[in-house]
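Novice: next come a sequence and a model predicted from it.
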Amino acid sequence: MSNSKQYLIDDLSMQESWRLFKILSEIVDGFETLSDIGPAVSVFGSARVKPGEPWYERTVELSRQLADAGFTVITGGGPGLMEAGNKGAYESGGRSVGLHIHLPLEQHNNQYLNTRCDFRYFFVRKLMFIKYAMAYIALPGGFGTLDELSEALVLIQTKRIKAFPIVLLGKDFWGGLVDWFRDRLVADGYCGIKDLDLFLLTDSTEEAVAHIKRHVVI
């Protein structure tokens, strides 16, 4: 092997080693920052929803109810339904947490945060959502929301984590996906009918919060 090729391999190895330190640093920082946030609910939804739109206002009300019930609200810390989730908790005097991700097209954090963590790695951020949540609420959203939802379902289904309440809020939005779960995944044998009991599908913020309170002791 030529000296130039060996140098390139060594350089790449060094870069990967330093990346491991960066990852570890994010994990340690997240653990230290979030260790005292108390019982929390992670709320996911689109960054593209604007203030004043129906789902924005519903999410503000949802997070107010969560805060009044004694829960910290965790979101991705960005705009849209993340902002709405933080806003309701913040304005109600509850604790509002944002797990902010740095993206190539920079996503700004919202102003309704008591606690903020910054991440460059999605998988570290997802670890924090899972580790510090006692429940998940999935609002209308895109690939990111689906990613967070599917990871929680897989971890609970495979018993890698203790089961906790998962709520899909919005029957018009989530109903088609749930039908597909039943008509394709269950019907074709890719998951069991009992796996559909891992989540609650509802239109009611009150029912969502009540469902979480029934299953979570704080």
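Specialist: Done, it's in. Numbering: from 1, shown residues only.
Novice: now the helices for the chain?
Specialist: Counting by DSSP state H, the chain has helices at residues 3-34, 54-68, 81-91, 122-131, 143-157, 171-180, 205-215.
Novice: let me see the mean pLDDT of the first one.
Specialist: Averaging pLDDT along helix 3-34 yields 76.
Novice: dump the helices of the chain to a markdown table, plus distance to L196 and mean neighbour count.
Specialist: Glycine gets a C-beta too; all of them are placed from N, C-alpha and C. Shown next, in a markdown table, are the helices of the chain (distance: least, CB to CB, whole Å; neighbours: other CB atoms under 10 Å):
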| stretch | distance to L196 | mean neighbour count |
| --- | --- | --- |
| helix 3-34 | 31 | 12 |
| helix 54-68 | 23 | 21 |
| helix 81-91 | 24 | 27 |
| helix 122-131 | 21 | 18 |
| helix 143-157 | 10 | 16 |
| helix 171-180 | 7 | 13 |
| helix 205-215 | 15 | 17 |
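Novice: of the ones you listed, which is nearest R116?
Specialist: helix 3-34 (8.2 Å; CB to CB).
Novice: so for R182, what's the nearest residue that isn't a sequence neighbour?
Specialist: L196 (6.5 Å; CB to CB, 6 or more residues apart in numbering).
Novice: A47: which of the helices of the chain is closest?
Specialist: For A47, the closest of those is helix 81-91, at 6.2 Å, according to CB to CB.
Novice: what angle do the closest one and helix 143-157 make?
Specialist: 70 degrees (axes from the mean of the first three to the mean of the last three CA atoms, to 10 degrees).
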